[in-house]
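S.K.: curious how this folds, go ahead:
(2 chains)
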Amino acid sequence: MNWGFLENVLSGVNKYSTVIGRIWLSVVFLFRILVYVAAAEQVWKDEQKDFVCNTRQPGCENVCFDHFFPISQVRLWALQLIMVSTPSLLVALHVAYREHREAKHKRKLYQDKGSIDGGLFCTYALSLVFKIAFEVGFLLAFYFLYNGFEVPALLQCSQSPCPNTVDCYISKPKEKKIFLYIMGCASILCITLNFAELLYITWKKLWRCFSRSFIPGKENALIHTRPVSVKPTGHSEDSSTQPACTTDNVHNQE
Amino acid sequence: MSWPLLYAQLFAVNRHSTSLGKVWLSVLFIFRVMVLVVAAESVWGDEQSDFTCNTLQPGCENVCYDQFFPVSHIRLWCLQLVFVSTPTLLVAMHVAYRNHSDKKRLLQGSGRSGFLSNKSQEEELETLKTRRLPIAGALWWTYACSLVFRLLFEGGFMYALYVVYDGFQMPRLVQCDQWPCPNMVDCFISRPTEKTVFTVFMATASSICIVLNMAELAYLVAKAVTRGFRSQRKRTSCSRTSREKLQNKTNQKLLVLN
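M.R.: Numbers count the residues shown, from 1 in each chain, chains lettered A, B, ... in the order given. Predicted coordinates:
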């Protein structure tokens, strides 16, 4: 089990996204997941083994490493990628709910189940807001946990049981810094794409409402996709009829 | 650990689950299995090699590590995920049994009736494979039992983790005086803060799953109760109508006689 599972899930959601959403997805796959798996994991592989302190006191290296890296950068990225991909599932859930409603009422309720209007617009906008919030949250967490995006070559540690202030050396600081910048830039790019998408769908919705209210006689077949209730005409059934009674048990379909 | 195999099994049963069941499956795989595989396993990877004790006595580190980590977090979580996914297979077995008996009945019926076009029989068999059984009757009980077992396993494993490690926090320093350590030695755990973060994350995901399971159970019970009320009301109105019809018929006969 690896990132392939997340990729499958997200690819399934892709068909309900806008163009910008698909660009976002490509950026996530290419610049973040692929870079993470192919490179970043290897760079941080021996981070604790190669974290060396100028002391022979047992336990000092463990404690200093724990003090400077409460949570490793790669793990934080992995969590960020997982959390940022999850809001897209809200949209998939909503579309599945629409399909379920159509199946339940056994007639076509929506002109296009995947078109972003009505309730789906709110769900989509909410998922974008969550994505932006998670991205910004994780970037801030990175910034405050590691004092910016710098990776110093030397750190000074005086945690117990270190006997005094000891020098500790991080392995591959320059390489780690480069990857931090790559991932940070990719994250900022994704935030920008999410903002642009939010503005785009809001603008589209406003334009739709405007053209419906103020542009007369315009046949907008694509616009109105609210469930159309069709009243059956010439029906002989009247409301006071008793339901058909059988002596068998009534099987309720879910 | 072959998580894709487990996913394939659970996804097959997903069709017969409620909406909450489908949400539970997503939470399970995204927030628990994925996080376990992608992140947690690498955090605990060097747990024994980087477990350092302030002594040169051979064997002391091994013995102290064994004392404080009788079973590793990762293994406990793997077991929890496997046990928690297993009750769903009860539902899968029940559905398979129902499909098998329906198929047998269908084939027997077509044999007795003599001529039945192959096409319609094939269509019927296809619908058997792809249909969604309503959660009623015996399937309801199987489903409810599977939810109860899931809740028990989740709660049991969370409690076991809490008891074995004295809470969800990992200390930096533990003190050990097991033989052959010469006296009380300080032992240092590797990456305690990161381990605490992941332990809390997994415990939170587990609690969310428990809440989802309880909500699903409550939903099933409520559905069964409302179904019972509706069918009872239909039955009483049915019996009232048939009684009235009988009374009308008797009255008409009496009128005719008169």
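S.K.: what about residue B:213, distance to chain A?
M.R.: 18 Å (Cβ to the nearest Cβ, to the nearest Å). (Glycine included, C-beta is placed from N, CA and C.)
S.K.: again with residue B:165
M.R.: 17 Å.
S.K.: next, the contact list for that residue, please.
M.R.: B:73, B:199 (Cβ atoms under 8 Å, 6 or more residues apart in numbering or on different chains).
S.K.: ok, now how distant is it from residue B:192?
M.R.: Distance, residue B:165 to residue B:192, using Cβ to Cβ, to the nearest Å: 11 Å.
S.K.: also residue B:65?
M.R.: Residue B:65 is 14 Å from residue B:192, by Cβ to Cβ.
S.K.: swap in residue B:224?
M.R.: Taking Cβ to Cβ as the measure, residue B:224 falls 48 Å from residue B:192.
S.K.: those two: which has the busier surroundings?
M.R.: Between residue B:224 and residue B:192, counting by other Cβ atoms under 10 Å in any protein chain shown, residue B:192 is the more crowded of the two (19 against 16).
S.K.: the more buried one against residue B:171, yeah?
M.R.: Yes: using Cβ atoms under 8 Å, residue B:192 is in contact with residue B:171, at 6.3 Å.
S.K.: pLDDT below threshold where in the stretch 101-250 of chain A?
M.R.: Applying pLDDT under 70 to the stretch 101-250 of chain A flags residues A:113, A:216-250.
S.K.: the strands in it, which residues?
M.R.: A:154-157, A:166-169 (DSSP state E, counting those that start in this stretch).
S.K.: nearest to residue A:56, out of those?
M.R.: strand A:166-169 (10.2 Å; Cβ to Cβ).
S.K.: packing partners for that closest one?
M.R.: For strand A:166-169, the packing partners by 3 or more Cβ pairs under 8 Å, 6 or more residues apart in numbering or on different chains; DSSP states H and E come out as strand A:52-53, helix A:60-68, strand A:154-157.
S.K.: residues near residue B:54, how many?
M.R.: Count around residue B:54 with other Cβ under 10 Å applied: 16.
S.K.: roughly how far apart are it and residue B:191?
M.R.: 18 Å.
S.K.: quick one: distance of the longest helix along chain A to the chain centre.
M.R.: Secondary structure of chain A per DSSP state H: the longest helix is helix A:173-214. Computed by Cα atoms, centre = their mean, to the nearest Å, the chain-centroid distance of helix A:173-214 equals 12 Å.
S.K.: which strands and helices lie in contact with that helix?
M.R.: Other elements packing on helix A:173-214 under the criterion 3+ Cβ pairs under 8 Å, 6+ apart are helix A:19-27, helix A:35, helix A:41-43, helix A:73-85, helix A:119-145.
S.K.: and the ones you listed, which is most packed in?
M.R.: Ranked by mean neighbour count under mean count of other Cβ atoms under 10 Å in any protein chain shown, these are led by helix A:73-85, which reaches a mean of 22.
S.K.: quick one: mean pLDDT over it.
M.R.: The average pLDDT within helix A:73-85 is 90.
S.K.: same deal with stretch B:206-216?
M.R.: 94.
S.K.: give me the contact list for it.
M.R.: Contacts for stretch B:206-216 (Cβ under 8 Å, 6+ apart): B:18, B:20-21, B:23-24, B:27-28, B:31-32, B:80, B:84, B:147, B:150-151, B:154-155, B:157-158.
S.K.: mind checking which of the residues you listed are buried?
M.R.: Buried by 16 or more other Cβ atoms under 10 Å in any protein chain shown: B:18, B:20-21, B:23-24, B:27-28, B:31-32, B:80, B:84, B:147, B:150-151, B:154, B:157-158, out of these.
S.K.: inside helices: which ones of these?
M.R.: Going by DSSP H, the helices hold B:20-21, B:23-24, B:27, B:80, B:84, B:147, B:150-151, B:154, B:157-158 from the buried ones among the contacts of stretch B:206-216.
S.K.: number of residues surrounding residue 61?
M.R.: Looking at chain A here, since you left the chain open. Per other Cβ under 10 Å, the neighbour tally for residue A:61 reads 25.
S.K.: the intended chain is chain B.
M.R.: Neighbours of residue B:61 under the rule other Cβ under 10 Å: 20.
S.K.: adding mean neighbour count, write the strands of the stretch 101-250 of chain A out as a markdown table.
M.R.: Formatted as a markdown table, those follow (neighbours: other Cβ atoms under 10 Å in any protein chain shown):
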| stretch | mean neighbour count |
| --- | --- |
| strand A:154-157 | 15 |
| strand A:166-169 | 16 |
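S.K.: dump the ones you listed to JSON lines, plus distance to residue B:257.
M.R.: As requested, those are arranged in JSON lines below (distance: least, Cβ to Cβ, whole Å):
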{"stretch": "strand A:154-157", "distance to residue B:257": "110"}
{"stretch": "strand A:166-169", "distance to residue B:257": "111"}
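S.K.: so for residue B:246, which of the ones you listed sits nearest?
M.R.: Here strand A:154-157 is closest among the strands of the stretch 101-250 of chain A (Cβ to Cβ), at 93.6 Å.
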